[in-house]
Each structure stands twice: as structure tokens, then as C-alpha cells.
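Novice: Sequence first, predicted coordinates after that:
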Amino acid sequence: MDMITNNRFEILTPTGFKDFDGIRVTEHATSLKITLEGGVQLHCTPDHRVMTENGTKRADAFVQGDKLYTHTSEDYIISITKEPGGLFLDPVNVEGNHLYISEGVVSHNCEFLSSDALLISSLKLQQIAPTMVHHEDMGFKFWVPDEQLGGVNRTYLVSCDPATGSGKDFSAIEVFEFPSLNQVAEYRTNDVNIPLLYAKLKWIILKLSERSHRGRSEVLWTFERNGIGEAIAALYLNDERQPEHAELFCDQQGKLGVYTSGRTKILSCLQLKQLIERTTNGLKVNSEHLLFELKNFVAKGGGYEAKSGATDDAVMATVGIMRLLKRLSEWNDEAFKQVNTYVEPVDPSDQFGDEPVPFVV
């Protein structure tokens, strides 16, 4: 959505750009000012979508140096500043490819989700707005300041989906706080080897479990041991300084981490669906990347996985959070209520054969 002052809209048609006045006025508390190298400035809301070479992207996801398209060429961002809000123009009824020019920048007024059988409802995904990253540290993106981390009466759930670090598959670490179920931090990379990934995992665990002036929080963590995860297990076993104030959840005696079978994946995916689609006290997704993966996470072959060409590492790390939540429910009444809420039924004939969809218990 675009600042109402001194603005002019043009839409892209087969014969070029033309003036457009199909707009509505809305009021917002905050805004962004994006300045390009050539002097163009775009005043917009954080959720304003701008066209890039890789498709559309929210304004609050851009960083200095990113390339945008202007009315006549391409240009690069030199600064992004937060500013007070005000009245904004929201283009509606932009037909065709939904592209239009706002203050000289090529923008987009809608986002196509998917016609596939998504795990999460398309309508719900449209309602989720990723949050601007507060800061980054050791490769982790944080959505809360350091001074708000830790303390008594807080529990952090940390889940890792490891990969080789060879530049192909991605490793991901997701962190959620309980009982708010707010996404606190995320780490994702495809060029970090397993020893360094373990070091990153250990760093975030120690950071969250260290004692502060507010006391010490609880940390429950795990990792997927399928395949490459066995290397994480070996590093932990040989670590002479294992994290003392955190519990590693293992699903089998004598085995570290958790094994993801087809059944456990379906159960955890259904729990994830229920918590994200819940209207109150649900899972709060802040990461634009996790949201993007959820928009490409579909039913396939009796289960769920990323569409061809997409990734699901962040989703699978979040699926691990569901298993930690189930573990937490064994002694925490609030978690017990979260886990044992009935999952809305899915037509088993569509996705899971003749077997009925189980309850999450």
C-alpha cells in the first residue's frame, strides 16, 4: 500500500502503462521509505509487494543493495528507513498481470498462492504477514531483542533439520517460544558443514538457556537423525561440554534425536496445520521464508512435501517443533491443551488411502 501524498498510479497493459484510479484509502501505523540509487523514493506499508527478478517480495523483506525495477530501468536500494504511518492508497481491481507503477517503482497488488492441495489453508496463508527481522547474530535471524530473551516461566523449543552443507540441500534451525508459540529465531544455510552446524545449534541453545537477571528459562531441543543427522548425534556424544541446562528430546531409547517416519510426519504436519489455522493462541510465523515454504508444501504420495523445485527444510524443522510440543505436554498442562486439541478432519480418501486420519494425542 502506498503513501497517499503526491502519488500517481499507472498500470501495465499490453500497449504500455496508463493512468489508473481504482483505489481505496486505508490507515496504517507504520511505513517504510525505500530510497534507490537514482533518487527514486517509495513510501509504502511494510506489506507492500514490489516486483523483483525473482517475483514479488514484501517491502519489509528488502535489504540495502537489492535490485528493483523502475518505470524505465532497474535500480538498487541504498537505504530503508522506518517512518510513522498515515493514510495509504491500496490499488484494487488491477487486471491482467496485476503490475502497476507506484512512485516510479513497479509494484504488484496481489499474490497467487497455489491451486495444489496445500497443508495450510490458502485463505489462512493470505492472512499471515511475515514480520521484519529485529536483528541478526551468528547467522540467526531474530524477531525479538536480546533483552527479551530468557528468564523464568519461559520455555524455548529448538528444532534442527540438518543437511550436508554441500550447496544443494539446506539445513534449518527453528526456534519458538512457549506458551506464546511465537517464532523467535531462524537459521538457514546450504554451505555450512555438519561440525559448524552443530556449533550453531549449540550456540543458540546456550544463548537461550543462560541465566539472566530474570532467571533461567527452559530449553527443549531436538534434531532429525535421518541420514546426515547421525553425524549431529556423534558430535553431541563426543562433546565434552554438552549444554547443561537444556533437554535433548529423543524418541527412542539409545538413539539421539528423532526419526521421521511417514506416520510421525503426517501426525506432526496435521498438528502444525491445526496450530497455524487456529484463530486464537495459534502458532505465530514471523519468517518470510518459512511462510514461502508453507505456500509450496503440498499433499503428495500419502503425505506432505515441497512442490517440485521448492524446498521444505524450514517447514520440516518446524514439524520438529510439533514433536517437542508433544513432549512438553507430558508435564505442562498448557502444552497438553495445545497438543490434544482435536485436529479438523481431512478427507482420508483424498490423501491417506482407506485408513482414517488419526487424532493428535
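Specialist: Alright, I've got the coordinates.

Novice: Do I have it right that G229 meets C250?
Specialist: No - assessed by CB atoms under 8 Å, G229 is found out of contact with C250, at 11.5 Å. All C-beta atoms are positioned from the backbone trio N, CA, C, and that covers glycine.

Novice: neighbour count winner among the two?
Specialist: Comparing G229 with C250 by other CB atoms under 10 Å, the one with more neighbours is G229, at 22 against 17.

Novice: Dihedrals phi and psi, R278?
Specialist: phi -60, psi 140 (degrees, to the nearest 10).

Novice: and it, what pLDDT?
Specialist: We have a pLDDT of 84 for R278.

Novice: and the gap between it and L324?
Specialist: 18 Å (CB to CB, to the nearest Å).

Novice: Neighbour count: those two, which is higher?
Specialist: L324 (23 against 15).

Novice: Touching, that one and V219? I think so.
Specialist: No - using CB under 8 Å, L324 is not in contact with V219, being 10.0 Å away.

Novice: any shared contact partners between those two?
Specialist: V158 (CB atoms under 8 Å, 6 or more residues apart in numbering).

Novice: Endpoint to endpoint, stretch 253-261 covers what distance?
Specialist: End-to-end distance of stretch 253-261 (CA to CA, to the nearest Å): 16 Å.

Novice: Over it, what's the mean pLDDT, rounded is fine.
Specialist: On average, stretch 253-261 scores 92.

Novice: what comes up buried for that stretch?
Specialist: 256-258, 260 (16 or more other CB atoms under 10 Å).

Novice: Go through those and say which is closest to G139.
Specialist: Taking CB to CB as the measure, G139 lies nearest G257 of those, at 21.2 Å.

Novice: Verify the stated contact: V133 with K141.
Specialist: Yes - V133 is in contact with K141 according to CB under 8 Å; the separation is 4.7 Å.

Novice: Which residues are in contact with each of G229 and C250?
Specialist: Joint contacts of G229 and C250 (CB under 8 Å, 6+ apart) are G257.

Novice: Tell me where the stretch 251-361 of the chain has strands.
Specialist: 297-300, 303-306 (DSSP state E, counting those that start in this stretch).

Novice: can you put the ones you listed in TSV and add distance to A61?
Specialist: Output for those, formatted as TSV (distance: least, CB to CB, whole Å):
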stretch	distance to A61
strand 297-300	19
strand 303-306	20
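
Novice: Nearest to Y198, out of those?
Specialist: Of all the strands of the stretch 251-361 of the chain, strand 303-306 comes closest under CB to CB, at 24.7 Å.

Novice: can you list contacts of that closest one?
Specialist: By CB under 8 Å, 6+ apart, strand 303-306 touches 119, 262, 265-266, 269, 293, 296-298, 312, 315, 351.

Novice: if we go to 7 Å?
Specialist: 119, 262, 265-266, 269, 293, 296-298, 312 (CB atoms under 7 Å, 6 or more residues apart in numbering).

Novice: Quick check: can you list the domain ranges of the protein?
Specialist: With domains defined by automatic domain parsing, the chain comprises 2-108, 122-351.

Novice: quick one, which of these is packed in tightest?
Specialist: Stretch with highest mean neighbour count among these: domain 122-351 (a mean of 18; mean count of other CB atoms under 10 Å).

Novice: Figure out how far that one is from the centre of its chain.
Specialist: 11 Å (CA atoms, centre = their mean, to the nearest Å).

Novice: Next: stretch 69-85.
Specialist: Using CA atoms, centre = their mean, the offset of stretch 69-85 from its chain centre is 24 Å.

Novice: Show the average pLDDT along that stretch.
Specialist: 85.

Novice: Output it as PDB, restricted to C-alpha atoms.
Specialist: Output in PDB follows, covering the C-alpha atoms of stretch 69-85 (Å, rounded to 0.1, in the frame of the first residue of the first chain):
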ATOM      1  CA  TYR A  69      12.500  -2.100 -11.300                       C
ATOM      2  CA  THR A  70      11.500   1.400 -12.000                       C
ATOM      3  CA  HIS A  71       9.300   2.900 -14.700                       C
ATOM      4  CA  THR A  72      12.200   2.900 -17.300                       C
ATOM      5  CA  SER A  73      15.000   0.700 -16.000                       C
ATOM      6  CA  GLU A  74      16.400  -1.100 -12.900                       C
ATOM      7  CA  ASP A  75      17.900   0.400  -9.800                       C
ATOM      8  CA  TYR A  76      19.400  -0.600  -6.400                       C
ATOM      9  CA  ILE A  77      18.300   0.200  -2.900                       C
ATOM     10  CA  ILE A  78      20.700   2.400  -0.900                       C
ATOM     11  CA  SER A  79      18.600   2.900   2.200                       C
ATOM     12  CA  ILE A  80      15.500   1.600   4.000                       C
ATOM     13  CA  THR A  81      14.100   3.600   6.900                       C
ATOM     14  CA  LYS A  82      11.100   3.200   9.200                       C
ATOM     15  CA  GLU A  83       8.700   6.100   9.400                       C
ATOM     16  CA  PRO A  84       5.400   7.000  11.000                       C
ATOM     17  CA  GLY A  85       2.300   5.800   9.200                       C
END
